[in-house]
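Enquirer: generate coordinates for the sequence data below:
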Amino acid sequence: MGFFERNRSSLAEKGIDPARLPPGQYFTDRFPVLHVGDVPTYAPDFSDWSLTIGGLVGAPRSFSWDELGALPTVDIVTDIHCVTKWSKFDTRWHGVRFRDVLDACGGAITGATHILETAEHGYTTNLPLADVLGNDALVAFEFDGLPIEPAHGGPVRLVVPHLYFWKSAKWLRSIDLGDHDQPGFWERNGYHAYGDPFREQRYG
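Expert: Next up is the predicted model:
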C-alpha cells in the first residue's frame, strides 16, 4: 500500500470521513508555507494597509484596517486543500464575509461575473463572482483564534475553502469585479482557471 492509500485509510481510525479528502490529496496536521515573493511587513497598527474593492461595484472604495474590522464578523470551521496535494481539516477562520464587504460597496453592478484578487508583489488570482458570495468565503484576519501569521497571509487573506487554496490570496490588497474571466499569476503559468480539488483541477 502506497503513501496516499495509507494516509487515506488512517482517516477512519481517527474518526474522519475519508470522503472529505479529495482524490490525490493527503491529510496533514501541519500548515505548510508556500507563496510567491517575500513576506511583506506593515506598521504595527496596519495604518499602511488597506483593501480596495473596485470595478463593477456600486460604490468603489478602500477599507482601512479599522474599517474592515468594523464590519460584521463571523467564524467558520472548514477543510482546506492545497494544489501541492496536502489537505488540512477543521481549520478555524475569523473575518468578514466577502458578500458583506461587497454590500458595503453598494453591491455588484449588473454584468459582473468574475473577480480578480490582487495581493502584495502584484500577485493575482481569478474566481467566478458566485464562488465568493457564499457563507464560507471570508476576508479573513484570524486563524485558529489568533491574528493570521505573516507567512500564512496576515494581516488579511481571502479564504475560499471549496477551491484549491492558491485561489485564496495571501496579503490581500484589492478585489476587482469584472464582466469576464481574467487569468491570474498561476493561471497564466499552467494552473487550472477554476481549481476544484474534488475534480483534481490542478492544471489547465
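Enquirer: wait, isn't Val57 in contact with Gly107?
Expert: Yes. Applying CB atoms under 8 Å as the test, Val57 and Gly107 come out as touching, 6.9 Å apart. C-beta: built from backbone N, CA, C; applies to glycine.
Enquirer: the more surrounded of these two?
Expert: Between Val57 and Gly107, counting by other CB atoms under 10 Å, Val57 is the more crowded of the two (21 against 15).
Enquirer: for the more buried one, give me its contacts.
Expert: Shown in contact with Val57 (CB atoms under 8 Å, 6 or more residues apart in numbering): 102, 105-109, 112, 177.
Enquirer: one more time with 10 Å, if that's ok
Expert: Residues near Val57 by CB atoms under 10 Å, 6 or more residues apart in numbering: 101-109, 112, 175-177.
Enquirer: tell me where the chain has strands.
Expert: Taking DSSP state E, the strands of the chain run over residues 26-27, 50-55, 61-64, 74-81, 86-97, 114-119, 124-128, 138-143, 146-147, 157-159, 172-178.
Enquirer: thinking again about what came up before, residues bridging contact with Val57 and Gly107, i.e. touching both?
Expert: Counting by CB under 10 Å, 6+ apart, the common neighbours of Val57 and Gly107 are Leu177.
Enquirer: neighbours of Leu158, how many?
Expert: Using other CB under 10 Å, Leu158 has 25 other residues around it.
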